[in-house]
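A.B. asks: Output the structure for:
(chains A and B)
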Protein chains: 2
Amino acid sequence: MQTNKNYDNLEQSYLFSTIARKVREYSEAHPEADIIRLGIGDVTRPLVPAVIDALHAAVEDQAKQETFHGYGDEQGYGFLHEALVGYYKSHGVELATNEIFISDGAKSDLGNILDIFGTDNTVLVPDPVYPVYVDTNVMAGRKIVFADANEANGFLPLPDESVECDIIYICSPNNPTGAAYDRAGLKAWVDYANKQNAVILYDAAYECFIEDETLPRSIYEIEGAKSCAIEFCSFSKMAGFTGTRCGWTVVPTALLDGKLNKMWLRRQTTKFNGVPYIVQKGAAACFTEEGMKQIKETLGYYKQNAKVLAATLDELGIWYTGGKSSPYLWLKCPNGMDSWTFFDYLLENANVVGTPGAGFGKNGDGFFRLTAFGDQARTKEAAERLKKLLQK
Amino acid sequence: MQTNKNYDNLEQSYLFSTIARKVREYSEAHPEADIIRLGIGDVTRPLVPAVIDALHAAVEDQAKQETFHGYGDEQGYGFLHEALVGYYKSHGVELATNEIFISDGAKSDLGNILDIFGTDNTVLVPDPVYPVYVDTNVMAGRKIVFADANEANGFLPLPDESVECDIIYICSPNNPTGAAYDRAGLKAWVDYANKQNAVILYDAAYECFIEDETLPRSIYEIEGAKSCAIEFCSFSKMAGFTGTRCGWTVVPTALLDGKLNKMWLRRQTTKFNGVPYIVQKGAAACFTEEGMKQIKETLGYYKQNAKVLAATLDELGIWYTGGKSSPYLWLKCPNGMDSWTFFDYLLENANVVGTPGAGFGKNGDGFFRLTAFGDQARTKEAAERLKKLLQK
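C.D. replies: Residues are numbered from 1 along each chain as shown, chains lettered A, B, ... in the order given. The predicted model follows:
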């Protein structure tokens, strides 16, 4: 038996383990230090009451013979498809229920979707980037080319017509940079993809942070996107489902005359068995009037943190992206420090922990990620410490 | 962009859609007919109270800041690993917690595990078989060879030393045949796999139906298995989790000096984000004293159905496998009928629906699957009808 040799080409990431070690060592040496963590990419607020009520009710359904749910369709329940069709309609996108596949999260489907593409395809990935876009393609042995995201383009690279590729990753609002494409930017990518006969894998996991109504929340708001783009989204950040696990994937039937939709259905019915009934019921509750109001309150809590951090960086005159349509703030390390030097500097002098940009690709060096998922009072305290430390 | 060409080689299965159409047509033509479905492969009894209580408690955890759970480790929570270590210990198998990976079901992992193997590997699959073993390998373009399961070997084929292969599928107790390997049978496969440097993918999803203490419930009860076998199991049939979704996969560190365990961990941390906290809490409740007692009662309900059907076939002198350590009964169609002829005969003359064996592979033709997951009174009624119809 042969193992998959491509796995030998995967790079080990020591980003979060190195952060953990450095924080632990500092903490042991300075037991009195009151460390604030702004590196966390996970939500911290509990599920909202409407979701909790729906989860309890669904658990009760599973307790009774008459309402018990066994195997459901792999692609999810109709009630959740319909709720999502309504959600898309609210920002002007028309989808059919059979174009929506319920998933256990964007990460799973972003990896698994690659099953339906050939391994000879060339993949275009921005740098810096969420590491799984690269790793999932290394596992399949695909050729990867990078699009430079940098200070000059505001970490929103546009297509280079001279580059040929088959699969394009776009994450907007972006993790880690927080930068979000406007309509013109996305239109450029859609036109490029259609011209190249390429497919865009559009990661919209942070769309719920968009407040500016001129920014697209779905790639399907852009003309031509249905013939080139698959969209991945999630309840993780939208409704705090990081530990409750539900997302969705849109494969339009306009893509290759319906072929990709059929292939993905076949992939899912063969290698997946659907998301728990209980979880789908909880997810659907987000789209009730009460549920939507409640999840917006929680999002508002995080957005307030982002505003506090953004105002601090503005005041300090530090260049950054994100913070407005995103829970992430991606700042240029002051005084020309590299990412890890700034990490140590901030840990030692302000007892604040963030994430070095170098961990997300070579273009990330010299940059640093802060997140808005923490406690409000602690985030304010961290902002005060940043001001004190970095004021010129 | 190129699609994965291997998908063009997938065969469409019309098994369950054809059954549904035939039943619908018969029912429309005979609206008075009281049809009993013994073709169902899904559980029908609700979740047990201990699991329900644990699910409610976990939902409450998600409602409160102090007990909220966001991202967990992709491979699952320690509390569930430890419960499973205890479960294996109860049938004499010692596992380490890092050898157990919590999954959203055996089907997902049985498909996804193939990621870590090369596509040049040759796969050995019994015929008849659960169709996803074949389809997942067709998707990857692997060469497939078949092991003949038939009446002569009691649908429990033994290895043919002249056949070379790299990946071996064994499902015991088997779906669809209900046949279960004894220790000698499994030992032959383990020895063969170790000699060939092959890996066994052991699907133990029905182990909970084994009552005969001489039969192995885990492949790791067999000496040498830890150096050649990966075991997949599930709460689906054990505790009625078909719609609640939880399972586990064991990748022993003895396999290739730990390489496969590390590769699977990398695969899961890259393409999966773990099973819902709520669901893992529900699953763990199966291993409490109360939970185990309750799930055994539910299993007893199905086992009673299997006994009724087995006694009927015994009385009728019809050859069959399964029914003792399995919810499935795999019978030889009487009077030399082929599977579909017998399906129609049974539908028309007894208003009983089963599954034609031909749907599971060429060796399935002439055989027929009945299942024990139905209602007790209805199953008894079906048995009476079979007796009346088939009595010589």
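
A.B. asks: and the residue in the stretch 201-350 of chain A positioned nearest to chain B, how far is that from B:S103?
C.D. replies: Each residue of the stretch 201-350 of chain A has a distance to chain B, by CB to the nearest CB, and the smallest belongs to A:K271, at 3.3 Å. In short, each C-beta sits where N, CA and C put it, glycine included. When CB to CB, to the nearest Å is applied, the distance between A:K271 and B:S103 equals 12 Å.

A.B. asks: residues in contact with the nearest residue to A:K107 once chain neighbours are set aside?
C.D. replies: Computed as CB to CB, 6 or more residues apart in numbering or on different chains, the closest residue to A:K107 that is not its neighbour in sequence is B:N273, at 4.7 Å. B:N273 makes contact with A:D104, A:G105, A:K107, A:S108, A:T242, A:R245, B:Y71, B:E74 under the criterion CB atoms under 8 Å, 6 or more residues apart in numbering or on different chains.

A.B. asks: With neighbour numbers in mind, choose between A:K271 and B:S103.
C.D. replies: Higher neighbour count among A:K271 and B:S103: B:S103, with 27 against 21, using other CB atoms under 10 Å in any protein chain shown.

A.B. asks: can you give me the strands for the stretch 151-300 of chain A?
C.D. replies: Taking DSSP state E, counting those that start in this stretch as the criterion, the stretch 151-300 of chain A contains strands spanning A:167-171, A:199-203, A:229-234, A:247-250.

A.B. asks: buried stuff in the shortest one?
C.D. replies: Right, strand A:247-250. Judged by neighbour count using 16 or more other CB atoms under 10 Å in any protein chain shown, the buried positions of strand A:247-250 are A:G247, A:W248, A:T249, A:V250.

A.B. asks: From the contact counts, what lies against that strand?
C.D. replies: Packed against strand A:247-250, as judged by 3 or more CB pairs under 8 Å, 6 or more residues apart in numbering or on different chains; DSSP states H and E, are the following elements: strand A:100-103, helix A:106-112, strand A:229-234.

A.B. asks: Quick check: residues of the stretch 151-300 of chain A near chain B?
C.D. replies: Of all the residues in the stretch 151-300 of chain A, those in contact range of chain B (CB under 8 Å from any CB of the partner chain) are A:166-167, A:197-199, A:240, A:242-245, A:256, A:259-260, A:263, A:266-267, A:270-279.

A.B. asks: Filter those down to the buried ones.
C.D. replies: By the neighbour-count criterion of 16+ other CB under 10 Å, these include these buried positions: A:166-167, A:198-199, A:240, A:242-245, A:256, A:260, A:263, A:266-267, A:270-279.

A.B. asks: Secondary structure element holding the closest residue to A:M337 other than its chain neighbours?
C.D. replies: Ranked by CB to CB, 6+ apart and with sequence neighbours excluded, the top spatial neighbour of A:M337 is A:Y345, at 6.5 Å. Secondary structure assigned from DSSP states H and E places A:Y345 in helix A:339-350.

A.B. asks: Just list what the helix or strand that that helix is followed by packs against, helices and strands only.
C.D. replies: Using DSSP H and E, the helix or strand that directly follows helix A:339-350 along the chain is strand A:352-353. The helices and strands touching strand A:352-353, judged by 3+ CB pairs under 8 Å, 6+ apart, are strand A:36-37, helix A:339-350, helix A:376-390.

A.B. asks: Ok, which of the ones you listed comes nearest A:K22?
C.D. replies: helix A:339-350 (6.7 Å; CB to CB).

A.B. asks: what comes into contact with the closest one?
C.D. replies: The set of residues that contact helix A:339-350 without belonging to it, under CB under 8 Å, 6+ apart, is A:19, A:22-23, A:26, A:35, A:333-334, A:337, A:352-359, A:364-368, A:382, A:385-386, A:388-389.

A.B. asks: Just the buried residues out of those residues, in ChimeraX syntax.
C.D. replies: Selecting just the buried residues from these in ChimeraX takes one command, with 16+ other CB under 10 Å as the test:
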select /A:19,22,23,26,333,334,337,352,353,354,355,356,357,358,359,364,365,366,367,368,382,385,386
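
A.B. asks: Okay, angle between the longest helix belonging to chain A and helix A:376-390 too, please.
C.D. replies: The helix that spans the most residues within chain A, counting by DSSP state H, is helix A:289-316. Per axes from the mean of the first three to the mean of the last three CA atoms, to 10 degrees, the angle that helix A:289-316 makes with helix A:376-390 is 10 degrees.

A.B. asks: Report the buried residues of helix A:289-316.
C.D. replies: Of the residues in helix A:289-316, those scored as buried under the neighbour-count criterion (16+ other CB under 10 Å) are A:291-292, A:294-295, A:298-299, A:302-303, A:305-306, A:308-310, A:312-313, A:316.

A.B. asks: Which strands or helices does that helix pack on?
C.D. replies: Taking 3+ CB pairs under 8 Å, 6+ apart as contact, the helices and strands that helix A:289-316 lies on are helix A:49-63, helix A:235-239, strand A:320-322, strand A:328-332, helix A:376-390.

A.B. asks: now it: how far from the chain's centre is it?
C.D. replies: From the chain centre to the centre of helix A:289-316 is a distance of 17 Å (CA atoms, centre = their mean, to the nearest Å).

A.B. asks: for stretch A:358-368, same thing?
C.D. replies: Relative to where its chain is centred, stretch A:358-368 has its mean C-alpha point 17 Å off (CA atoms, centre = their mean).

A.B. asks: Could you confirm whether it reaches chain B?
C.D. replies: No. Stretch A:358-368 lies out of reach of chain B by CB under 8 Å from any CB, never closer than 15.3 Å.

A.B. asks: For that stretch, list the C-alpha coordinates in PDB.
C.D. replies: Taking Å, rounded to 0.1, in the frame of the first residue of the first chain, the C-alpha atoms of stretch A:358-368 are listed here in PDB:
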ATOM      1  CA  ALA A 358       4.000  36.100   8.600                       C
ATOM      2  CA  GLY A 359       2.000  33.100   9.600                       C
ATOM      3  CA  PHE A 360      -0.300  33.600   6.700                       C
ATOM      4  CA  GLY A 361       2.200  33.800   3.900                       C
ATOM      5  CA  LYS A 362       5.300  35.700   2.800                       C
ATOM      6  CA  ASN A 363       3.400  38.900   2.100                       C
ATOM      7  CA  GLY A 364       2.100  38.900   5.700                       C
ATOM      8  CA  ASP A 365       5.500  39.700   7.200                       C
ATOM      9  CA  GLY A 366       5.600  43.100   8.600                       C
ATOM     10  CA  PHE A 367       1.900  42.900   9.400                       C
ATOM     11  CA  PHE A 368      -0.100  41.800  12.400                       C
END
